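Student: next come a sequence and a model predicted from it.
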Amino acid sequence: MFESILCQVTEYDPDVLEPLIELAVEIAREGREGRRIGTLFTLGDEESVLSKSRSLILDPLAGHPEISRHVTNQNLRGTIKELAQLDGAFIVSRSGTFLSACRYLDAVASAVDVPLGLGSRHIAAANMSAVTNAVGIVVSESSVVRLFCHGSLVGEIIPELWMMDRAAHLRGMVKKEQIGDLAVLTPSRRWASASTPTVKE
C-alpha cells in the first residue's frame, strides 16, 4: 500500500516497515478515546538507539514473550495504541519486535533537515535517524504520519485529502500517491522519469 515510501527506505524489510506504518496511520486516524495523540517509533539499529535513549518509566513491554511483541501480531495493536498515549518513543528491532516503550531519545545531530513548524517529536526522530541507521516514524497530533531517514524527511502520510494544503511539509518537487482518501507524499528526486507525475508544494 505504501510502495513509494517503502522505496525511499530500502534498508528495511517491507514486511516489517509496512505494518508499522499501517499501525502509525491507525493511531493518527483513530486517536484514543476521542482525542488525537502523537507518538514516535524507531525501526532498526536497535542497539544504537537503545544506547542513545533512556526509559521515562518502568518499561511496560519488558518481560513479555518476543512473539507477542512482533509488529505483525494483531493482538499487540491495542496495547501499542494504549501505550502511545504516554510520553516517549517505541523502539522496534529490524526484525519487527517491539523492544521498549516510553523512551526519551537523547541523540542530537548537527545537521538534520526538519521543516519549520514541526515540533520536538519530529526533531527527535530526525536526530536519531541521523546518528544511527534507524528510521523514525512520527505520528503528529495533527494526524499526519512522517518518516525520517538519515536525518531527512522522506515521506508524509496525510489521512484526509482536505488537509493536504495545510499539513504537507515536504519541500520542492513531490510525488503524490492517493490511496482512498489517504495521500502519501515522497520526494520526487528518486522518482524522476517522464511517466511519473509530480506536484510542487
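Tutor: Arrived safely, thanks for sending.

Student: which residues does the closest residue to Cys102 other than its chain neighbours contact?
Tutor: In space, Cys102 comes closest to Gly88 once its chain neighbours are excluded; the distance is 3.7 Å by CB to CB, 6 or more residues apart in numbering. In this view, the C-beta of every residue, glycine as well, is placed from N, C-alpha and C. If a contact means CB atoms under 8 Å, 6 or more residues apart in numbering, then Gly88 has 40, 55-57, 101-104 as its contacts.

Student: what subset of the residues you listed is buried?
Tutor: Buried subset of these (neighbour count, 16 or more other CB atoms under 10 Å): 40, 101-103.

Student: so which of the residues you listed sit within helices?
Tutor: Using DSSP state H, no member of the buried ones among the contacts of Gly88 falls in helices.

Student: can you list those residues in a markdown table and add distance to Gly172 and pLDDT?
Tutor: Shown next, in a markdown table, are those (distance: CB to CB, whole Å; pLDDT from 0 to 100):
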| residue | distance to Gly172 | pLDDT |
| --- | --- | --- |
| Leu40 | 25 | 97 |
| Ala101 | 35 | 97 |
| Cys102 | 36 | 96 |
| Arg103 | 32 | 96 |
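
Student: count of neighbours near Gln74?
Tutor: 7 (other CB atoms under 10 Å).

Student: for this structure, which element, helix or strand, carries the lowest mean pLDDT?
Tutor: None of the helices or strands of the chain scores lower by mean pLDDT, DSSP states H and E than strand 199-200, at a mean of 39.

Student: now name the helix or strand holding the most centrally placed residue in the chain.
Tutor: For the chain, the residue sitting closest to the mean C-alpha position, by CA atoms, centre = their mean, is Ile137 at 1.2 Å. Counting by DSSP states H and E, the element that carries Ile137 is strand 135-139.

Student: could you do Thr79 as well?
Tutor: Element membership of Thr79 [criterion: DSSP H and E] is helix 76-83.

Student: what lies in contact with that helix?
Tutor: 23, 26-27, 30, 32, 60-61, 68-70, 90, 98, 101-102.

Student: turn those residues into TSV, including secondary structure and distance to Ala84.
Tutor: TSV is the format used below for these (DSSP: H, G, I helix; E, B strand; the rest coil; distance: CB to CB, whole Å):
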residue	secondary structure	distance to Ala84
Leu23	helix	9
Glu26	helix	10
Ile27	helix	5
Glu30	helix	10
Arg32	strand	7
Pro60	coil	11
Leu61	coil	12
Ser68	helix	17
Arg69	helix	15
His70	strand	17
Phe90	strand	8
Phe98	strand	12
Ala101	strand	9
Cys102	strand	10
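
Student: select only the buried ones of those in ChimeraX?
Tutor: Those of the contacts of helix 76-83 that count as buried under 16+ other CB under 10 Å are selected in ChimeraX with:
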select :23,26,27,61,69,70,90,98,101,102
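
Student: where is pLDDT lowest across the contacts of helix 76-83?
Tutor: Checking pLDDT across the contacts of helix 76-83, the minimum falls on Arg32 at 79.
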